[in-house]
Each structure stands twice: as C-alpha cells, then as structure tokens.
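*Asks:* Please find the sequence and the predicted model below.
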Amino acid sequence: MSAPKVDLLVEKAVMLSTDSDDDASISELRGLAQGDESSLEQAIQASLALPLGLAARHRAIELLARARYEDPSLPSPRL
C-alpha cells in the first residue's frame, strides 16, 4: 500500500489511455503493480477524482480495473 506506487499507476494509466493496444497497456500496469492488488484498487479510486475529461478518466479507470480484475491467463474479450 504505497502512495508512490498508486501515483505511478494512476499516471501510467492516464498515459496509456490513448494507446490502442489494451493487452500491452494492461500488462504494463500489472507489471508496475507487481501483484499489489491494493495499490491497483487505490489507483482506481484516485482516478475518480482526476481533473480530466470524462472519456479520458473513464479509459484510465477501465485499464486499471481490467489490470486488477481480469484473469491474465484468459484471452482478452474482443468487442
């Protein structure tokens, strides 16, 4: 439960929110979290208050939530 780690996850999620490769973005966030689900959870909560547009904030939260809750051993869903 490290504040610098949470800040780094939030910052990285915002930067990756414009990337079109979800799998790579989620993998990068998982790597930064190093299995720390609490930090991912806190990063999701912190992202709710970001002073960004709704779409950018939504995308950052989506990536963090997928990094936290999706099973990495399953293929990602294709829309």
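*Replies:* Arrived safely. Numbering: from 1, shown residues only.
*Asks:* Now do residue 27 against residue 70, distance only.
*Replies:* According to C-beta to C-beta, to the nearest Å, residue 27 and residue 70 sit 11 Å apart. For the C-beta atoms, the positions are set from N, CA and C on the backbone; glycine is no exception.
*Asks:* nope, residue 36 is what I meant
*Replies:* Distance, residue 36 to residue 70, using C-beta to C-beta: 16 Å.
*Asks:* secondary structure element for the most centrally placed residue in the chain?
*Replies:* Residue closest to the mean C-alpha point of the chain, counted by C-alpha atoms, centre = their mean, is residue 64 at 2.1 Å. Using DSSP states H and E, residue 64 sits within helix 54-69.
*Asks:* what does residue 12 give?
*Replies:* helix 3-16.
*Asks:* What residues sit buried inside that helix?
*Replies:* 5-6, 8-10, 12-14, 16 (16 or more other C-beta atoms under 10 Å).
*Asks:* Tell me, how many residues neighbour the residue lying closest to residue 59 once chain neighbours are set aside?
*Replies:* Spatial nearest neighbour of residue 59, excluding adjacent residues (C-beta to C-beta, 6 or more residues apart in numbering): residue 17 at 3.9 Å. For residue 17, the count of nearby residues is 20 (other C-beta atoms under 10 Å).
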